[in-house]
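Undergrad: Following is a predicted model, sequence given first.
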Amino acid sequence: MLGLCIALAMIMSYIEVLVPLSFAVPGIKMGLANIVIIFVLYKIGTKEAILVSLIRVILVSLLFSNVMAMAYSIAGAVLSLGVMWILKKTDKFSVIGVSVAGGIMHNVGQIIMAVILLGTKQIALYLPVLLITGTATGIVIGIVSGIVINRFKKIRLD
Amino acid sequence: MDMFKDKKFRNDLILGAAVIIAAAGIWLGFELLKEDGAFAVVTVDSVVTEKYPLDTDAEIRLESENGGYNILVIKDGKADITEASCPDHVCVDQRSISKTGEAITCLPNKTVITIEGPQEAEVDLVS
């Protein structure tokens, strides 16, 4: 099951490589893979979500980009999943809220990594733009994730 | 869908609003913290041709290819284009610039004026 989810997350990442959104704002992504991560987080478990997320990041970085990009992706993935897990645990937010938080935290993690690696604070100028686009894509991803999770309501996977 | 009716949805809205307010706050913070620039850097056809200190008033005629020109005026620590050979005068209409990172662009003459701080900070854009 987890292997299936990892494969699905990788396909989602590949679709994003094929259909980049960055013509409007450089660097933005839909975050399609987050549908899978949220699904695993809600339907299977936290540990499994961490596993799927990290393996996806490592494999996708090796396949479609470079090792440098892996540092950014891991920072984004760790912060994103961490915050999503906390928000889910409070049980005060719906899947959409969790998804939005995950989306923007992925951006925040990458920016923090960029500030550390490049040593320039100017890159944070980009944060407001990414927060807004991250919220927008997070809402879409959250709605889709909610639909998928609802479809699996009666199916136990763990 | 039932998920849109409950209290969680309200919390989602609060979260979204908080993010947007945070984004606006960060943007505003950066706007307020913008440093005064020290140099007006002239780039013609993506080659840096000249740097002019902003603390000395000057009027410079910037020549570009095909006989095009822009008049760059530096006054009171601000750089402005006051005259140009191009027909659309977009660069002339732009406001004068003085903060680091601000720029005036003249597309027809491929001329860009950017403001740089005292110490040059080269920013690599990695997305």
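TA: Received, thanks. Residues are numbered from 1 along each chain as shown, chains lettered A, B, ... in the order given.

Undergrad: C-alpha from now on. contacts and neighbour counts both.
TA: Noted.

Undergrad: What residues does chain A have near chain B?
TA: Within chain A, the positions lying close to chain B (C-alpha under 8 Å from any C-alpha of the partner chain) are A:26-27, A:92-94, A:96-97, A:100, A:114, A:118, A:120, A:122-123, A:125, A:127-129, A:131-132, A:135.

Undergrad: One more pass at 7 Å, please.
TA: Residues of chain A lying near chain B by C-alpha under 7 Å from any C-alpha of the partner chain: A:27, A:92-94, A:96-97, A:120, A:125, A:128, A:131-132, A:135.

Undergrad: any idea which of those is closest to residue B:69?
TA: Using C-alpha to C-alpha, residue A:125 is the member of those that lies nearest residue B:69, at 32.7 Å.

Undergrad: Could you count how many residues lie near that closest one?
TA: Neighbours of residue A:125 under the rule other C-alpha atoms under 10 Å in any protein chain shown: 15.

Undergrad: Next up, the contacts around it.
TA: Going by C-alpha atoms under 7 Å, 6 or more residues apart in numbering or on different chains, residue A:125 touches residue B:30.

Undergrad: Let's verify it: helix, strand, or coil?
TA: When classified by DSSP: H, G, I helix; E, B strand; the rest coil, residue A:125 comes out as helix.

Undergrad: all helices for the chain, in order.
TA: As the question left the chain open, I've gone with chain A. For chain A, applying DSSP state H gives helices covering A:2-18, A:33-43, A:46-64, A:67-90, A:95-118, A:127-151.

Undergrad: Chain B is the one I meant
TA: Under DSSP H, chain B gives helices at B:7-33, B:90-93.

Undergrad: Go through those and pick out the most buried.
TA: Most buried of the helices of chain B, by mean neighbour count (mean count of other C-alpha atoms under 10 Å in any protein chain shown): helix B:90-93, with a mean of 18.

Undergrad: Tell me the helices and strands packed up against that helix.
TA: strand B:78-84, strand B:103-106 (3 or more C-alpha pairs under 7 Å, 6 or more residues apart in numbering or on different chains; DSSP states H and E).

Undergrad: Centre-most residue in chain A?
TA: Nearest to the mean C-alpha position of chain A, counting by C-alpha atoms, centre = their mean, stands residue A:34 at 4.2 Å.

Undergrad: Quick check: the gap between residue B:110 and residue B:65.
TA: Residue B:110 is 9 Å from residue B:65, where distance means C-alpha to C-alpha, to the nearest Å.
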